[in-house]
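Trainee: Dropping a prediction and its sequence here:
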Amino acid sequence: MTRQRMTRAERERQILTVAEGLFSERGFLRATMDELAERVGVSKPVIYDYFGSKEGLLLAILTRARTELHEATLEAVKDAPDARAGLRSSFVAFFRFIEDHRQAWSVLNREASLLAGSAGAALETLRRQQADFIAGFLAGHDLTPHGRAADMYAQIVVGAGERLALWLEDKPEVTAEEAADTMMSALWTGLGGPPPA
């Protein structure tokens, strides 16, 4: 039986997924490209051909996470009947994303202080993307004025979401819905609406 060759896109996804697991398990600095190549079943030069370097691989993981999180958030709010439901849906999407991508999230949390250069900038871009989305959502639903107030609220929301997600890392019994409801309880009154029921 002959083995079917993977397309370049399939191989790239495979390498990224295996790398997330390896970085989560060993830490970014201790993980080696030799071990990654062995786990994927390719030579080390193949990985370098795809990603250029170990940092390039981490950058690709962050880029994929940023894209998937943004798509999940947009999808979550598109049919929301009102601002409150939309905000809650965006929180559920964020916490569900964390649940579904525990390995990538673990890498980000453990390695955040080590990220420099392109990878550090990519992590900050992910945060800025979420903050821009939240600021636009809040201002677009008249929950805050446009401009600086919306930006400040967005920074608070993103920071609170990250800290809660970090706390949830070893609490798999807490659902995305419960985490979102807690965020709503903490934030909705401060954003000018009635507290959630």
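Mentor: That came through fine.
Trainee: so the closest residue to S89 other than its chain neighbours is in which element?
Mentor: Leaving aside its sequence neighbours, S89 sits nearest to A76 (C-beta to C-beta, 6 or more residues apart in numbering; 4.2 Å). For the C-beta atoms, the positions are set from N, CA and C on the backbone; glycine is no exception. Take DSSP states H and E as the rule and A76 turns out to sit in helix 54-77.
Trainee: Which is the succeeding secondary structure element to that helix?
Mentor: Assigned by DSSP H and E, the successor of helix 54-77 is helix 83-100.
Trainee: any idea whether F28 is helix, strand or coil?
Mentor: Following DSSP: H, G, I helix; E, B strand; the rest coil, the label given to F28 is coil.
Trainee: Check the gap between it and K54 for me.
Mentor: Going from F28 to K54 by C-beta to C-beta, to the nearest Å gives 8 Å.
Trainee: ok, now G136?
Mentor: Applying C-beta to C-beta to G136 and K54 gives a distance of 35 Å.
Trainee: now swap in T175 and tell me
Mentor: Distance, T175 to K54, by C-beta to C-beta: 35 Å.
Trainee: Looking at these two, which has the bigger crowd around it?
Mentor: More crowded of T175 and K54, by other C-beta atoms under 10 Å: K54, with 19 against 14.
Trainee: M33 is in contact with the more buried one, correct?
Mentor: Yes - using C-beta atoms under 8 Å, K54 is in contact with M33, at 6.0 Å.
Trainee: Report the secondary structure state of R5.
Mentor: coil.
Trainee: Just give me the neighbour total for it.
Mentor: What R5 shows, counting by other C-beta under 10 Å, is a neighbour count of 7.
Trainee: Distance check, it against V46.
Mentor: If you go by C-beta to C-beta, the gap between R5 and V46 works out to 12 Å.
Trainee: ranges for the helices of the chain?
Mentor: With helices called from DSSP state H, the chain shows them at 8-26, 33-40, 44-51, 54-77, 83-100, 102-111, 117-140, 148-168, 176-187.
Trainee: now the ones you listed in TSV, with mean pLDDT?
Mentor: Formatted as TSV, the helices of the chain follow (pLDDT from 0 to 100):
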stretch	mean pLDDT
helix 8-26	91
helix 33-40	96
helix 44-51	95
helix 54-77	88
helix 83-100	92
helix 102-111	70
helix 117-140	83
helix 148-168	90
helix 176-187	92
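Trainee: what about the residue nearest to S89, distance to R96?
Mentor: Plainly put, A76 is 9 Å away from R96 if you go by C-beta to C-beta.
Trainee: Likewise for M183?
Mentor: 13 Å.
Trainee: ok, back up a step: so for A76 and R96, which residue has more residues nearby?
Mentor: Using other C-beta under 10 Å as the criterion, A76 and R96 rank with A76 on top: 20 against 17.
Trainee: so the more buried one makes contact with R88?
Mentor: No - taking C-beta under 8 Å as the definition, A76 is not a contact partner of R88, at 9.2 Å.
Trainee: Identify all contacting residues around stretch 164-177.
Mentor: 92, 94-96, 98-99, 102, 105-106, 109, 179, 182-183 (C-beta atoms under 8 Å, 6 or more residues apart in numbering).
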